[in-house]
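A.B. asks: Dropping the sequence and predicted coords here.
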Amino acid sequence: MKRIYWDTAAGMGNPSSIHTEGLLAEKAVEEARAKIAEVLYAHPDEIIFTGSGTESDNLAILGLAEIRIPRTPPGLTRGKSSGANHIITTAIEHKAVLEPCRHLQKKGFKVTYLKVDKNGQVDLKELKESLTKETFLVSIMMANNEIGSIQPIKEVAKIIRHFRKENLSTTLGASLPYFHTDACQAPRFLDINVAKLGVDLLSFNGSKIYGPKGIGALYVRRGVVIAPIIMGGGQERGLRSGTLNVEGIVGLAKALAICQKERVKESLRLEKIQKKLITELKKISGVTINGPENLIEVELQSQQLQSQSPTSGIVRSATSSEPEVVLRTIPSIVNFSVAGLEGEQLVIELDAKGFAVSSGSACSHNNGEGSYSIRAIGGSEEQATDAVRISLPREVSSAEIALFIKSLKDIITKYKKVDF
């Protein structure tokens, strides 16, 4: 008998439905969830699907904060938060983290924004000094989206674990503060094994890893309780209502697996391209490189690897002949400024020559504020406004780098004749 699709679009079922198409869609979702958990060395029930990296960050921060706001009877104004109501984050987080934190400040929460040095590295001493018995969340991004700096996530986790141990006898308990990291920029180049990292929550998405747009995920460690910020049909165990994006979820799992498989090879390849680009940019008068330049360290010794996946229980043990790559910055990101030329102006001119670059964050048009990351690392107002971010794609070649440099020189010469 031919299937008649009365409750589906082109045969694609809703995974919340119990008909055949729905059950097939649910099976695809759960297989993808298991594959993602395998990459993260997590349990499948610790993976929550969202609509983007931004939503994943919001769910982590607002979801944790929501359960800390005291309930009030109907008709009365909700009181300010009480108890542990302190958040620690950094000055160079993505706005998907900064804006929820600012929102919570208006509701009575306290937020500490850690400073970073000229290379975009967080001050670990300041982190230690900022932790208090009121701190319930530390949110520090794994890799910056504008200047590419990579944070010492494992070291941050150690500091938090030590703080928890010291406060076991207090009302704070053994679990606070929780540690969240925005890892949207990380999977192409960094190991996102949550056990090694020591994080409680981790956000990532599809658009940054050659996966589908409009799909994200949040790892939430077992035992961490968060409240939903989107309510409705109760999907994702009630933590994220809404019909699941089956195609996006399957695509996200595939893209994540490919990234983790190729990350060492891709890091080594792109590092050479990045180094060539930075070297050529520094030769141009008026150009300033923003952010870290200490690109990569490579350990050539073979290493004994042993790890256990919670999804299968299998202990993997093997000697790897691949070099261990220690990144100091994301090898696909280069951020620069040209004195006297605004970033948006350069973006338009370079676009006309066939190069798609961005000013500030790629998630929004330049709103006149310029790059918040450049300001945070001590850059001037001019640098922040002039900043241009290059995101090197997989297929980039040395010949394209040479053509880009020539095009940039032509643009600078054109405006110098007029304005200089």
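C.D. replies: Structure's in. What do you need? Everything numeric here is computed off the predicted structure, so don't read it as measured data.
A.B. asks: Now do the buried residues in stretch 224-231.
C.D. replies: Buried residues in stretch 224-231, defined by neighbour count with 16 or more other C-beta atoms under 10 Å: 224, 226, 227, 228, 229. Yep, even glycine has a C-beta here, placed from its N, CA and C like the rest.
A.B. asks: Can you report how many residues lie near the closest residue to the first one other than its chain neighbours?
C.D. replies: Nearest residue to residue 224, sequence neighbours excluded (C-beta to C-beta, 6 or more residues apart in numbering): residue 200, at 5.2 Å. Burial of residue 200 is recorded as 25 neighbouring residues (other C-beta atoms under 10 Å).
A.B. asks: same check, this time on residue 115
C.D. replies: 13.
A.B. asks: do the same with residue 352
C.D. replies: Counted with other C-beta under 10 Å, residue 352 comes out at 10.
A.B. asks: can you check residue 276 too?
C.D. replies: Neighbours of residue 276 (other C-beta under 10 Å): 14.
A.B. asks: next one: residue 202
C.D. replies: 28.
A.B. asks: got a list of what it touches?
C.D. replies: Applying C-beta atoms under 8 Å, 6 or more residues apart in numbering, we find residue 202 in contact with 40, 142, 180, 181, 183, 192, 194, 218, 219.
A.B. asks: Which residue, other than its chain neighbours, is closest to the first one?
C.D. replies: Read that as residue 40. Using C-beta to C-beta, 6+ apart, the closest residue to residue 40 is residue 194 (5.1 Å).
A.B. asks: Going by distance to residue 266, which of the contacts of residue 202 wins?
C.D. replies: For those, the residue nearest residue 266 by C-beta to C-beta is residue 192; the value is 14.5 Å.
A.B. asks: Surely the closest one is in contact with residue 36?
C.D. replies: No - assessed by C-beta atoms under 8 Å, residue 192 is found out of contact with residue 36, at 10.0 Å.
A.B. asks: Which residue, other than its chain neighbours, is closest to residue 233?
C.D. replies: Closest to residue 233 by C-beta to C-beta, 6+ apart is residue 241, at 5.0 Å.
A.B. asks: Tell me which helix or strand the one you found sits in.
C.D. replies: If you go by DSSP states H and E, residue 241 is not part of any helix or strand.
A.B. asks: Now the phi/psi pair for it, please.
C.D. replies: phi -70, psi 150 (degrees, to the nearest 10).
A.B. asks: Any idea how many residues pack against the residue nearest to residue 40?
C.D. replies: 22.
A.B. asks: who touches residue 134 in this structure?
C.D. replies: Going by C-beta under 8 Å, 6+ apart, the list of residues near residue 134 reads 83, 84, 85, 86, 110.
A.B. asks: ok, so what distance separates the nearest residue to the third one once chain neighbours are set aside from residue 66?
C.D. replies: Yep, that's residue 85 we're talking about. Spatial nearest neighbour of residue 85, excluding adjacent residues (C-beta to C-beta, 6+ apart): residue 109 at 5.0 Å. Distance, residue 109 to residue 66, using C-beta to C-beta, to the nearest Å: 11 Å.
A.B. asks: Pull out the buried residues from stretch 148-163.
C.D. replies: Within stretch 148-163, the residues that count as buried by 16+ other C-beta under 10 Å are 148, 149, 150, 151, 153, 156, 157, 159, 160, 163.
A.B. asks: same question, stretch 108-122
C.D. replies: 109, 111, 112, 113, 114, 116, 120, 121, 122.
A.B. asks: returning to what we had before: quantify the burial of the residue nearest to residue 233 by counting its neighbouring residues.
C.D. replies: Residue 241 has 14 nearby residues by other C-beta under 10 Å.
A.B. asks: which ones are touching it?
C.D. replies: So residue 241 contacts 228, 230, 231, 232, 233, 234, 235 (C-beta under 8 Å, 6+ apart).
A.B. asks: pLDDT score assigned to the closest residue to the second one other than its chain neighbours?
C.D. replies: Just to be clear, that refers to residue 230. In this structure, residue 230 finds its nearest non-sequential neighbour in residue 241, 5.3 Å apart by C-beta to C-beta, 6+ apart. On pLDDT, residue 241 comes in at 91.
A.B. asks: How about residue 371?
C.D. replies: pLDDT at residue 371 comes out at 83.
A.B. asks: next one: the one 4 residues further on
C.D. replies: Residue 375 is assigned a pLDDT of 81 by the prediction.
A.B. asks: can you give me the helices in the stretch 151-300 of the chain?
C.D. replies: Under the criterion DSSP state H, counting those that start in this stretch, the stretch 151-300 of the chain carries helices at the ranges 153-166, 194-197, 246-282.
A.B. asks: Could you export those to JSON lines, including columns for mean pLDDT and distance to residue 392?
C.D. replies: Supplementary listing: the helices of the stretch 151-300 of the chain in JSON lines, determined by pLDDT from 0 to 100; distance: least, C-beta to C-beta, whole Å:
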{"stretch": "helix 153-166", "mean pLDDT": "96", "distance to residue 392": "23"}
{"stretch": "helix 194-197", "mean pLDDT": "96", "distance to residue 392": "25"}
{"stretch": "helix 246-282", "mean pLDDT": "94", "distance to residue 392": "6"}
